[in-house]
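Asker: Got a predicted model here, sequence first, then my questions.
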Amino acid sequence: MVLDFFITDEEVSNFVNSYNDSTTGFKECNQFKAGDKVRSKSRTSKMDVTGVFGSVCRHESPVLFMNMQHGERLVYSVLLLDKLLNVPASKDQKLNETYDIACVLFSHLNVEFNPRRTTGFGLTDGEGIERLWSYLRCFAKITKEMTPSHRVDLLTDALLHYAKRKERNIGKHSKAVSILKNTEKEIGDKISLINKVITEETIQEWKIEEKATLCSKAKPVKATWEEIYVEQLQRLNSLSECIQEDKDPDLIEQYTRLQKFVACLEKAKGISKRWHKDEVKYISANDVLQRRCQKNILDKMREGAQERMFLLDLKKKYYDGQAVAKRFCGQVNRSS
């Protein structure tokens, strides 16, 4: 029996035309080019088929594929997940999914980003599909001039062969045993440096704290209008002192704009007399302002320190001369 790996082009086309995937993802994330609808359309408008989009299971066996009619777009991943979720065998199962730009897909599907911090992923690194693409790369030139049906037949044969290779490796746990042994040693070494009794409850507390830190970035506390008013009064006073020393036209322009802003705020809030720094309401708002600024700075420092420690820990796994180690060094320097 030949396994039907490919979704029909007609079904793909209908879904693509009916789905809106114009989102741009999270602002704080990297500006990925993949998944961009406008870029995808402009670069591939003259091609009938631009590539293959697909998936593998955690054992890296091929699962489901489709011909792409554009560049890489979110709509293909949504269609793929829709098909997988509607397979009868998967309806009562939890489906864990990894995708290299899942942070952009997040607004469409609720996915977690890091498999190491998600229950059920084990040692899955999410790179199985990349290893499959590496294997299929040699078929690119062969299939370039083929008819669509012959191309799909050849790729199906290649996927069946790849699946058989992966099937032979199922049940071989030597790598997992080695990793478990090394991990237990590393954990033991690190615990021995901590002057504290480590219990299962302690570890669970750490996991909850880590997840809260990594999965939800601390958002800056929003300032009240009183804090904004006091902050602008301080800026106004600072600019006034600078202008007395230096009659810079740019400083004078800034001072004039800020003076108008403060006057508008006073009018909106019904302030008939400008607050003085010795008044109770000024002092109270300034205290809150300072605490908020300190908290935001500490949150940013904590986030940077955690990122740096994580990158340094990853870098230890590679020799200094390796390309990946150099990339980690660059990331460490940028995070500093």
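Answerer: Looks like it arrived, so ask away.

Asker: count of neighbours near residue 85?
Answerer: 13 (other Cβ atoms under 10 Å). Heads up, the C-betas are built off the backbone N, CA and C, glycines and all.

Asker: Check whether it really touches residue 97, as I assumed.
Answerer: No. With contact defined as Cβ atoms under 8 Å, residue 85 does not reach residue 97; the gap is 9.7 Å.

Asker: Run through the neighbouring helices and strands of the top helix by length along the chain.
Answerer: Ranked by residue count and defined by DSSP state H, the top helix of the chain is helix 280-315. Packed against helix 280-315, as judged by 3 or more Cβ pairs under 8 Å, 6 or more residues apart in numbering; DSSP states H and E, are the following elements: helix 200-215, helix 225-245, helix 323-335.

Asker: want to throw these into TSV with mean neighbour count?
Answerer: Shown next, in TSV, are the helices and strands packed on helix 280-315 (neighbours: other Cβ atoms under 10 Å):
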stretch	mean neighbour count
helix 200-215	11
helix 225-245	15
helix 323-335	13
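
Asker: and the ones you listed as JSON lines, adding distance to residue 174?
Answerer: Formatted as JSON lines, these follow (distance: least, Cβ to Cβ, whole Å):
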{"stretch": "helix 200-215", "distance to residue 174": "27"}
{"stretch": "helix 225-245", "distance to residue 174": "60"}
{"stretch": "helix 323-335", "distance to residue 174": "24"}
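
Asker: Spatially nearest residue to residue 57, not counting backbone neighbours?
Answerer: Spatial nearest neighbour of residue 57, chain neighbours left out: residue 63 (5.5 Å); criterion: Cβ to Cβ, 6 or more residues apart in numbering.

Asker: which SS class is the closest residue to residue 54 other than its chain neighbours?
Answerer: Counting by Cβ to Cβ, 6+ apart, the nearest residue to residue 54 once its immediate chain neighbours are dropped is residue 65, at 3.5 Å. Using DSSP: H, G, I helix; E, B strand; the rest coil, the structure places residue 65 in strand.

Asker: Who does residue 65 form a beta bridge with?
Answerer: Listed beta-bridge partners, residue 65: residue 6, residue 54 (assigned using DSSP bridges).

Asker: need the contact list for it.
Answerer: 5-7, 52-55, 155, 159 (Cβ atoms under 8 Å, 6 or more residues apart in numbering).

Asker: confidence score at residue 187?
Answerer: Looking at residue 187, its pLDDT reads 82.

Asker: Compute the inter-axis angle for whichever strand or helix holds it and helix 280-315.
Answerer: Under the criterion DSSP states H and E, the helix or strand holding residue 187 is helix 174-192. For helix 174-192 against helix 280-315, the angle by axes from the mean of the first three to the mean of the last three Cα atoms, to 10 degrees is 130 degrees.

Asker: in stretch 154-171, what counts as buried?
Answerer: 155-156, 158-159, 162-163, 166 (16 or more other Cβ atoms under 10 Å).

Asker: Give the burial count for the residue lying closest to residue 240 once chain neighbours are set aside, as a bare number.
Answerer: In space, and not counting its chain neighbours, residue 240 is closest to residue 255: 6.7 Å by Cβ to Cβ, 6+ apart. Counted with other Cβ under 10 Å, the neighbours of residue 255 add up to 18.

Asker: so where's the stretch 1-150 of the chain shaky on pLDDT?
Answerer: 1-3, 21-47, 88-92, 100-114, 116-117 (pLDDT under 70).

Asker: which residues of it fall in helices?
Answerer: Using DSSP state H, counting those that start in this stretch, the helices of the stretch 1-150 of the chain run over 9-18, 37-43, 74-85, 102-105, 128-136, 140-143, 148-169.

Asker: Any chance of TSV for those helices, columns distance to residue 284?
Answerer: Conversion of these to TSV gives the following (distance: least, Cβ to Cβ, whole Å):
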stretch	distance to residue 284
helix 9-18	56
helix 37-43	50
helix 74-85	48
helix 102-105	40
helix 128-136	57
helix 140-143	68
helix 148-169	66
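
Asker: between the ones you listed, which gets nearest to residue 306?
Answerer: In terms of Cβ to Cβ, the element of those nearest to residue 306 is helix 102-105, at 18.0 Å.

Asker: Residue 155 reaches residue 136, doesn't it?
Answerer: Yes. With contact defined as Cβ under 8 Å, residue 155 reaches residue 136; the gap is 7.2 Å.

Asker: anything in contact with each of these two?
Answerer: Shared contacts of residue 155 and residue 136 (Cβ under 8 Å, 6+ apart): residue 52.

Asker: picking that back up, which one of the helices of the stretch 1-150 of the chain lies closest to residue 280?
Answerer: helix 102-105 (46.3 Å).
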